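Asks: Let me see the structure of the following:
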Amino acid sequence: MARGPRSLRNKVVVVTGGAQGIGARTSAALVRHGAKVAIGDLDQVLAEKTAGELGGDTVALKLDVTDTRGFTEFLDEVERRLGPIDVLINNAGIMPLAPLAEEDDASTRRQLEINLHAVIHGTREAVRRMRPRRTGHIVNVASMAGKAGFPGGATYCATKHGVVGLSEAVHLELYGTGVEVSCVMPAIVRTELASGLGEAKMIKSVLPEDVAEAIVDALRKPRFDVFVPRSLDAVGRVTRLLPRRFGEWLVRTLGADQVLASAAHSTARADYEDRAAHSAPAAEADGR
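Replies: Next comes the predicted model:
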């Protein structure tokens, strides 16, 4: 007999990068399901505003995910305030765009630190806390860019491929432990991160609420692959079955090769690019 959806009531859930965008919408969805949510974000003022709007047992704490010691201390503080962590959602991420030859090394390091190293550290901390209790769920927000390469965002794609690979490996490491892993792979999500991006034929952009709904569904009915929209899974499978030359022709025909590249120098991204350039203070201070 199949089990019904799992309840999220009173579950302690951590959302990194939870002050806005996907993180804020996911936090809101979780609160509606009765979860106790801890928002971690570099922008503490905005995080506190978001937490105040959500109400419930929501707490907001400042978090620089590139500060590994600070990240661990943040999780410790969440557990002191709310109890053992049941779910960790590694959502924080940035997407500065430029052809690789034009990308400076500081941007490369920043993406690696936020998008990949922080997810590795957060996942490791979650495993150490959850496995002894034989329960828990780790959700790593990757991207469809973790399954394919898109011009204009080479390093971003590399980091998201890393998140997918990390998630797949840890999922197997945790088999039989009671700890679940889900990897979320959305298309273009209409948040500030997607400023200036166009659409690809047959691949529609989604709203942050769509991603939030998919994450909550994966927590209630655990599964590893979480594509948003779900049709992305079929598109990816078909493309990977084709000979490379034909597959690349299809990508060009659909315009997918220009989605990031065409926005790399867009003035519509100026504010976002500036914010992303100041999103890893600990890494910058350490010269990483």
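
Asks: what residue lies at the spatial centre of this structure?
Replies: Val141 (2.6 Å; CA atoms, centre = their mean).

Asks: now that residue: how far from Glu73?
Replies: For Val141, the distance to Glu73 equals 22 Å [CB to CB, to the nearest Å]. Any C-beta I mention is one placed from the backbone N, CA and C, and that applies to glycine too.

Asks: quick one on the thing from earlier: so who does the residue nearest to the centre of the chain touch?
Replies: Applying CB atoms under 8 Å, 6 or more residues apart in numbering, we find Val141 in contact with Ile22, Ile89, Asn90, Asn91, Gly93, Val163, Val184, Pro186, Val211, Ile215.

Asks: Just the ones in strands from the residues you listed, please.
Replies: Here DSSP state E is the test, and the contacts of Val141 give Ile89, Asn90, Val184, Pro186 as lying in strands.

Asks: Which one of the residues you listed is nearest to Val12?
Replies: Closest approach between those and Val12, by CB to CB: Ile89, at 11.7 Å.

Asks: Make sure Gly146 is actually in contact with Cys157.
Replies: Yes. The criterion here is CB atoms under 8 Å, and Gly146 meets it with Cys157 at 7.3 Å.

Asks: Those two: which is more packed in?
Replies: Gly146 (24 against 21; other CB atoms under 10 Å).

Asks: which ones are touching the closest residue to the more buried one other than its chain neighbours?
Replies: Using CB to CB, 6 or more residues apart in numbering and skipping residues adjacent in sequence, the residue nearest Gly146 is Lys160, 3.5 Å away. Each residue near Lys160 by CB under 8 Å, 6+ apart is listed here: Asn115, Ala142, Ser143, Ala145, Gly146.

Asks: Need the contact partners of stretch 233-240.
Replies: Against stretch 233-240 from outside (CB under 8 Å, 6+ apart): Met144, Lys147, Ala148, Met202, Ile203, Asp225, Phe227, Gly247, Leu250, Val251.

Asks: which residues in the stretch 51-200 of the chain form strands?
Replies: 59-62, 87-90, 136-141, 179-186 (DSSP state E, counting those that start in this stretch).

Asks: Among the ones you listed, which comes closest to Thr26?
Replies: Of all the strands of the stretch 51-200 of the chain, it is strand 87-90 that lies closest to Thr26, at 6.4 Å by CB to CB.

Asks: hmm, back to that, tell me the one among the contacts of Lys160 nearest to Ala280.
Replies: Asn115 (10.2 Å).

Asks: Count residues in the vicinity of the closest residue to that closest one other than its chain neighbours, would you?
Replies: Excluding the flanking residues, the one nearest Asn115 by CB to CB, 6+ apart is Thr159, at 3.6 Å. If you count neighbours by other CB under 10 Å, Thr159 ends up with 26.

Asks: And for His265?
Replies: 15.

Asks: Over to Ser205?
Replies: 17.

Asks: same deal with the one 5 residues further on?
Replies: Neighbouring residues of Asp210 were enumerated by other CB under 10 Å; the total is 18.

Asks: tell me the contacts of it?
Replies: Pro186, Val189, Val228, Pro229.

Asks: I'd like the distance between it and Gly55.
Replies: 23 Å.

Asks: How about Ser107?
Replies: For Ser107, the distance to Gly55 - CB to CB - is 37 Å.

Asks: Of these two, which one has the most company?
Replies: For Ser107 versus Gly55, neighbours defined as other CB under 10 Å are more numerous around Ser107 (19 against 9).

Asks: Against Thr155, how distant is the more buried one?
Replies: Taking CB to CB, one finds Ser107 at 7 Å from Thr155.

Asks: List the residues that contact Ser17.
Replies: Wrong residue type there; residue 17 is Gly, not Ser. Gly23, Gly40, Asp41, Val65, Asn91, Ala92, Gly93.

Asks: No further queries at this time; thank you.
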